[in-house]
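1. here's my sequence, what's the structure:
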Amino acid sequence: MLELKRYLLNEDQQGIKDLINDFAVKEIMPAAEKADITGEFPLETVKKAANLGFTLLTLPEEYGGLACNYSTIAVAKEELGHADVGFAATLSGAMLGTMPVKLAGGEYHWKKVADVLTGGGLTAFALTEPSAGSDAGACRTTAVRSGDDYILNGRKCFCTNAAYADIFTVIASTDRSQGAKGLTAFLVDAGTPGLTIGKEENKMGARSSNTCDVVFEDVKVPAKNRIGEEGKGFIIAMKALGIGRASAGATAIGNARFALEYALDYATKRVTFGKPIAEQQGIQHLLADMYMRLEAARSLTAYACQLVDNGIVDAAVNSSAKAFGSDTGMSVTTDAVQILGGYGYSKEYPLEKRMRDAKIMQIWEGTNQIQRNLIAGNLIARAK
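-> So this is what the prediction gives:
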């Protein structure tokens, strides 16, 4: 299948792109195809990816990481999304789990996270609850101080990597009366007594990723595992998600790029009325619109990441990159299915999977409706 060329990658970015592409063809895509049918987590493939350093992109060099900037992370996420959205989610989940430590952690926290990731393990970010999704401030999981420990009780849901994570970044309330201002962040080791993994979600797409509930029943966590001050957890979580949104759309862009490449290849070979359908104006317009949206989404993502790399975190830009990137991912994969017609709807071809995978990216890491609220709120605040 043809590959649409990317330009202006530096040496490090091209090296990561090539490494992921090679691993994707040999390992990720075959494992993802199987997982899409069975729903089984491709643990061995994830371990191989971890051993190649795919989970170390955001880890500082002094702790054994690659210390990539956000522009490079976006390139990596696009290539992982091109291979499989679920697999990309697994590795992105591990990166997100380190972000609160980067924002408010110390030497102790970095070493804990680094020991997991450099050892080939995974982290997980536990924020969402059954009654606290977009309204993260409604978190009901509690953390009560008891001497040199905190006792955690509650339930998280839709936690990526939950069943296979070695350590969790957990947002819990240390003062329910304060709402969002009472939330606090913690590192919680998997296997801590009282921490159990609940039901696994049987998902429409991204089926190679693991998504489960996490239950806390009198889970004792050392006070030194607290990240930052009490009451700063909501700010830490929102900053972590806000910065992550700069590159969040890249996975959707990669998935959409695969769909466009596949549809373009098909259109040049599929003959109807005596000529390839790529010569039909209706198909050409679909292909042109798909390409324009894809390149616009990539450019916006690159701009958002460039700003973050230069110390500028613009909430409106980052939310725009996430929302536009994932909306583009949905529209491009839908049009790709349309170009293949009945074959696009058939599981014999890969595009129906790509369309199913695309949908979740409009939902996770803040729904696109929430992103629009954030964008408008930011713009209105500037006007005032």
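2. show me the helices in the stretch 51-200 of the chain, by range?
-> 70-83, 85-96, 99-104, 107-118 (DSSP state H, counting those that start in this stretch).
3. and the longest one, how far out from the chain middle?
-> In terms of Cα atoms, centre = their mean, to the nearest Å, the centre of helix 70-83 is set 10 Å apart from its chain centre.
4. run through who's touching that helix.
-> 9, 12-13, 16-17, 20-21, 23-24, 28-29, 32, 54, 57-58, 68, 87-88, 91-92, 95, 243, 246-248, 250-255, 257-258, 298, 301-302, 305-306, 308-309 (Cβ atoms under 8 Å, 6 or more residues apart in numbering). In this view, the C-beta of every residue, glycine as well, is placed from N, C-alpha and C.
5. now do it against helix 85-96, angle only.
-> Counting by axes from the mean of the first three to the mean of the last three Cα atoms, to 10 degrees, helix 70-83 lies at 150 degrees to helix 85-96.
6. can you show me the CA trace of helix 70-83 as CSV?
-> Extracted in CSV, the C-alpha atoms of helix 70-83 (Å, rounded to 0.1, in the frame of the first residue of the first chain):
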residue,chain,number,x,y,z
TYR,A,70,6.1,17.3,22.1
SER,A,71,6.7,17.8,18.4
THR,A,72,8.5,14.5,18.3
ILE,A,73,5.9,12.8,20.6
ALA,A,74,3.2,13.9,18.0
VAL,A,75,5.2,12.2,15.2
ALA,A,76,5.4,9.0,17.3
LYS,A,77,1.7,9.1,18.2
GLU,A,78,0.8,9.6,14.5
GLU,A,79,2.8,6.6,13.5
LEU,A,80,1.3,4.5,16.3
GLY,A,81,-2.2,5.6,15.3
HIS,A,82,-1.3,4.6,11.7
ALA,A,83,-0.6,1.1,13.0
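7. quick one: average pLDDT of that helix?
-> What helix 70-83 shows for mean pLDDT is 98.
8. how long is stretch 220-235 end to end?
-> This stretch, stretch 220-235, spans 24 Å end to end (Cα to Cα, to the nearest Å).
9. ok, now stretch 38-56?
-> First residue to last in stretch 38-56 (Cα to Cα) measures 28 Å.
10. in that stretch, what counts as buried?
-> 41-42, 45-46, 48-50, 53-56 (16 or more other Cβ atoms under 10 Å).
11. distance to residue 226 and pLDDT added to these, as TSV?
-> Compiled in TSV, the buried residues of stretch 38-56 are given as follows (distance: Cβ to Cβ, whole Å; pLDDT from 0 to 100):
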residue	distance to residue 226	pLDDT
41	30	98
42	34	98
45	34	98
46	29	98
48	34	97
49	31	97
50	27	96
53	29	95
54	29	96
55	24	95
56	25	95
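12. can you list those residues in TSV and add distance to residue 113?
-> Formatted as TSV, the buried residues of stretch 38-56 follow (distance: Cβ to Cβ, whole Å):
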residue	distance to residue 113
41	21
42	23
45	22
46	17
48	21
49	18
50	14
53	15
54	16
55	11
56	11
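13. buried residues in stretch 185-192, which are they?
-> Quick answer for stretch 185-192 (16+ other Cβ under 10 Å): 185-190, 192.
14. hmm, I typed the wrong one, I wanted stretch 67-86.
-> 68-86.
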